[in-house]
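1. got a sequence here, can you model it:
(chains A, B, C and D)
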2 protein chains.
Amino acid sequence: MVKRRDGETTELVQTKVAPIPLSPRSRRTPLGAAGPIAVAGQSVHAAVVQEIGLRIVRGDYPPGTILPNEAEWSDSFGVSRSVVREAVKTLTAKNLIASRQKIGSWVEPREYWNLLDRDVLTWYAAAPGNRTFLKTVQEFRAIIEPEAAALAAERRTEAEMETISAACREMGTASTLSNRAAADTRFHLAILKAAGNDLLLPLGAMIDSALLQLFTFITREANDIRHAQSLHEDIEKAIRLQRPEVARRAVKRLLANTDEFINRPSAD
Amino acid sequence: MVKRRDGETTELVQTKVAPIPLSPRSRRTPLGAAGPIAVAGQSVHAAVVQEIGLRIVRGDYPPGTILPNEAEWSDSFGVSRSVVREAVKTLTAKNLIASRQKIGSWVEPREYWNLLDRDVLTWYAAAPGNRTFLKTVQEFRAIIEPEAAALAAERRTEAEMETISAACREMGTASTLSNRAAADTRFHLAILKAAGNDLLLPLGAMIDSALLQLFTFITREANDIRHAQSLHEDIEKAIRLQRPEVARRAVKRLLANTDEFINRPSAD
DNA sequence: TATTACGTTTTATCTGATATATTGGTTGAC
DNA sequence: GTCAACCAATATATCAGATAAAACGTAATA
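-> Below is the predicted model of the structure:
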């Protein structure tokens, strides 16, 4: 149905972008000649998915554009058509593209994209002004997390509480930043889970991605970390005491604190 | 990493479930004998994805279970290995399964599943007590939609407002239930879009699914529909007048009204 | 005992062929 | 000249079979 072709844009698109770059494995090139240079330590499939996905999210192929056909991808990446097809299926499952016989594959409208998917979000984060991305994420978290915490305060089981508390504790005692980030992620995920609504769980991937992004550019003085820690402990306490409204407000305070970091005119 | 095998469970799983049923196309069976009975008007790929996905979400293969290998799927469905592999990629993209060489494919923990995906949600809705599902969806909507409406009231452009108003209008004048449901969906989607946060957009699929489910079991008297219509108009008005708080409350009223339907001890 | 080597199994990737559907043009009738 | 029916070209969809790579378990070895 949606197949507006954008005139010459398509032409531009179909320009052979680059002969090769991709993840190797055992390209049987006669003699190291043009050994596939790069790349990711991943599989060929994952590399192709990532490359096409990144280009789409980055805007190389605007929504509605007809993509190069399978044979062309196959040539330009130097992989078999099977790999291309499987990559296409993967991207289709994430709603980035769709395809039909005789037409080919095209880029779906942005509102179809499953931005909450871990991969898509990663590509998205890498694309435009990083600052905008973090603001978008924070705004979204501000919608979800206070309510999730409130629900968790009402419903958490003892086991779930223990998971939350343990994560909070480990945040305090973590020796490295990445350990702390991991515990932080676990903390928020545990709350989402304790909220007892299955539809909240998939949002964990987003928080995961977001925290990763955050920690790659915060790295502030210990002062702030201590403050952040106490904010986390407030949340833990409210959930432990089963005070939904208190939990809700505690999460809002934490998010407001994080917002401050993002809006500081330092980095970028 | 995650590969707990659950002892005998695996055995049970690997039982050849059924020789064939699947979508046909041109199975070259010598003589109509055992022509592939069913099925979906979809492609073979889609049918395989749906069958495996449904079984997983339904609980036939609990998380951690090692699934039958590609050759076995291929045999039992009577399709080529390529189709099976592409189906596996699709399900992997939705985080239902994962796979590794020599191990095979296994079912991921439920908290990994991308329940917000249209397909997964459909399978999920078909699986357990339908009633529980609708409650889960409504609870989730209650978290998202009031805030989305408030944001929309702040930020909507004139064009977005027109889309919202048009959908609301068409809800009122729709002649058939399915037309009304379509306009209803458009209405909620337009608000999500007008909220101006990209991360909210993927949630449209869920609302879509939810409304579909709702309308398949409501079909009440015109009285209620008129009430629902005025509730929708309240939302439209609040967004038009750019009153975030009013919009938020109006959405809450609408959702509360919907909740009533669901909790009525009539159907089911 | 610990460690290395190897064989087995399953996914990963490649190759090449056939089937099917849809578009766009062409032909022919009215 | 308009419109319907036909036909060819082209892209995905599906099939078939082969080889590569990785990981587990086991046996051989130091």
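2. surely residue A:140 touches residue A:209?
-> No: using C-beta atoms under 8 Å as the test, residue A:140 is too far from residue A:209 to be in contact (11.5 Å). C-beta here means a position set from N, CA and C on the backbone, and glycine is covered the same way.
3. which residues are common contacts for these two?
-> Common neighbours of residue A:140 and residue A:209, counting by C-beta atoms under 8 Å, 6 or more residues apart in numbering or on different chains, are absent.
4. now the residue of chain A found nearest chain B. Nearest residue, chain neighbours left out?
-> In chain A, no residue comes nearer to chain B than residue A:93, which is 3.5 Å away by C-beta to the nearest C-beta. Spatial nearest neighbour of residue A:93, chain neighbours left out: residue B:93 (3.5 Å); criterion: C-beta to C-beta, 6 or more residues apart in numbering or on different chains.
5. over to that neighbour: give its phi and psi.
-> Note on residue B:93: backbone dihedrals following degrees, to the nearest 10 are phi -60, psi -30.
6. now do residue A:69
-> Dihedral angles of residue A:69 (phi, psi; degrees, to the nearest 10) stand at phi -80, psi 170.
7. can you list the residues of chain A near DNA strand C?
-> Applying C-beta under 7 Å from any atom of the strand, we find that chain A lies next to DNA strand C at A:25, A:27, A:43-45, A:78-83, A:86, A:100-103.
8. the nearest residue to residue A:213 once chain neighbours are set aside: which element?
-> In this structure, residue A:213 finds its nearest non-sequential neighbour in residue A:125, 5.7 Å apart by C-beta to C-beta, 6+ apart. Taking DSSP states H and E as the definition, residue A:125 sits inside helix A:118-126.
9. tell me which other helices or strands that helix touches.
-> In terms of contacts (3 or more C-beta pairs under 8 Å, 6 or more residues apart in numbering or on different chains; DSSP states H and E), helix A:118-126 is packed against helix A:44-58, helix A:204-215.
10. can you name every helix or strand that the very next helix or strand once past the shortest one contacts?
-> Scanning forward in sequence from helix A:204-215 by DSSP H and E, the next helix or strand is helix A:222-240. Helix A:222-240 is packed against helix A:130-155, helix A:158-173, helix A:177-194, helix A:244-263, with contacts defined by 3+ C-beta pairs under 8 Å, 6+ apart.
11. dump those helices to a markdown table, plus mean neighbour count and mean pLDDT.
-> Formatted as a markdown table, the helices and strands packed on helix A:222-240 follow (neighbours: other C-beta atoms under 10 Å in any protein chain shown; pLDDT from 0 to 100):
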| stretch | mean neighbour count | mean pLDDT |
| --- | --- | --- |
| helix A:130-155 | 21 | 93 |
| helix A:158-173 | 16 | 97 |
| helix A:177-194 | 20 | 92 |
| helix A:244-263 | 17 | 93 |
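12. dump these to JSON lines, plus distance to chain B.
-> JSON lines is the format used below for those (distance: least, C-beta to the nearest C-beta, whole Å):
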{"stretch": "helix A:130-155", "distance to chain B": "4"}
{"stretch": "helix A:158-173", "distance to chain B": "12"}
{"stretch": "helix A:177-194", "distance to chain B": "6"}
{"stretch": "helix A:244-263", "distance to chain B": "11"}
